[in-house]
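> this one's structure only:
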Ligand code: 6GU
């Protein structure tokens, strides 16, 4: 996969040199190219922003410099273009999976109040363009959001994760623990500062371990993500799940749909 990132702060992307993503780049699985937007300015001050038409606070990124930068980076190619912005569509595990199947992504990082909207309109005539938000809070610019997205996408690429099962077991990935967050995990020693590892995990009984893990996942989902728990498909809950949810005083659909 090829990734191009255009930003006025290329230094933000040094984390992409290390860990999983860094290794994938060394192996050639990932080709990441970070570009300085100011390289396509023509004035001595390397100006990338101006005041907004219609008034209001802050500055808007100028269309001409973005146009020159994107044209130079893509040539005759047609990457999928992602514009990080708090007003974009939500970045989810599903979108990460979709983007992981693309051969080429271009991230256009805005700062200030954003990029002149005509830039997105212009490239949407030639490319698939998505404005994407990583959550309901406001960052000072798109750079950190792009790091988040690249890490989520990168670990899904074939051969990037050491353990192939890790990516399919994810809380928000399709599978049997689907729509539940993961429960707690433990390693040696069996007792640490008086805290014991739950005995069932050392029992060697795979069925009991699986049941315990599902219970803990349900507990954590009710506690930390009640909106996910409320959206659980009643058809995916067995008798044991229903009993546990009742103990947690969590309201579920009537018994009759159960399996
Ligand atoms: Cl993608 N960009 C900015 N600037 N803020 C955000 C965001 C993106 N997602 C959530 N907040």
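Cool, got the structure. Because the structure is a prediction, the values reported are computed rather than measured. Numbers count the residues shown, from 1 in each chain.
> after the helix-or-strand element of the chain with minimal mean pLDDT, which helix or strand is next? Please name it.
None of the helices or strands of the chain scores lower by mean pLDDT, DSSP states H and E than helix 164-168, at a mean of 57. Going down the chain from helix 164-168, the next helix or strand is strand 191-192, by DSSP states H and E.
> in its sheet, what does that following strand sit against?
Take DSSP bridges as the rule and strand 191-192 pairs in its sheet with strand 195-196 (antiparallel).
> which residues does the strand it pairs with contact?
The contact list for strand 195-196 (Cβ atoms under 8 Å, 6 or more residues apart in numbering) reads residue 190. All C-beta spots, glycine's among them, are computed from the backbone N, C-alpha and C.
> next one: that strand to chain centre, how far?
Computed by Cα atoms, centre = their mean, to the nearest Å, the chain-centroid distance of strand 195-196 equals 34 Å.
> so what does the next helix or strand after that strand touch, helix or strand wise?
Later in the chain than strand 195-196, the nearest helix or strand by DSSP H and E is helix 206-224. Helix 206-224 makes packing contacts with helix 226-230, helix 239-247 when contacts are defined by 3 or more Cβ pairs under 8 Å, 6 or more residues apart in numbering; DSSP states H and E.
> mean confidence score for the last one?
Per-residue pLDDT over helix 239-247 has a mean of 97.
> one more: the shortest one?
Averaging the model's pLDDT scores along helix 226-230 yields 97.
> show residues contacting that helix.
So helix 226-230 is contacted by 179-181, 218, 221-222, 245, 250 (Cβ under 8 Å, 6+ apart).
> could you do the longest one as well?
Applying Cβ under 8 Å, 6+ apart, the set of residues contacting helix 239-247 from outside is 211, 214-215, 218-219, 222, 229, 237, 252, 255, 258.
> of those residues, buried ones?
Burial by neighbour count, judged by 16 or more other Cβ atoms under 10 Å, picks out 214-215, 218-219, 222, 229, 237, 252 from those.
> can you redo those as JSON lines with distance to residue 80?
Formatted as JSON lines, those follow (distance: Cβ to Cβ, whole Å):
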{"residue": "214", "distance to residue 80": "37"}
{"residue": "215", "distance to residue 80": "40"}
{"residue": "218", "distance to residue 80": "37"}
{"residue": "219", "distance to residue 80": "39"}
{"residue": "222", "distance to residue 80": "37"}
{"residue": "229", "distance to residue 80": "34"}
{"residue": "237", "distance to residue 80": "37"}
{"residue": "252", "distance to residue 80": "40"}
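> mind picking the lowest-pLDDT entry from these?
Scoring the buried ones among the contacts of helix 239-247 by pLDDT puts residue 252 last, at 83.
> tell me the SS of that one?
Here residue 252 is recorded as coil under DSSP: H, G, I helix; E, B strand; the rest coil.
> then residue 232?
Recorded secondary structure, residue 232: coil (three-state DSSP).
> ok, so what distance separates the residue nearest to it when sequence neighbours are not counted from residue 212?
Distance criterion Cβ to Cβ, 6 or more residues apart in numbering; nearest residue to residue 232, sequence neighbours excluded, is residue 179 at 5.9 Å. Distance of residue 179 to residue 212, given as Cβ to Cβ, to the nearest Å: 19 Å.
> again with residue 228
Distance, residue 228 to residue 212, by Cβ to Cβ: 20 Å.
> ditto for residue 55
Going from residue 55 to residue 212 by Cβ to Cβ gives 59 Å.
> more neighbours: which of those two?
More crowded of residue 55 and residue 212, by other Cβ atoms under 10 Å: residue 212, with 17 against 6.
> quick one: contacts for that one?
Residue 212 makes contact with 198, 200-201, according to Cβ under 8 Å, 6+ apart.
> same check on residue 73?
Counting by Cβ under 8 Å, 6+ apart, residue 73 has contacts 4, 6, 33, 35, 106.
> are any of these buried, and if so which?
Applying 16+ other Cβ under 10 Å to these flags 4, 6, 35, 106 as buried.
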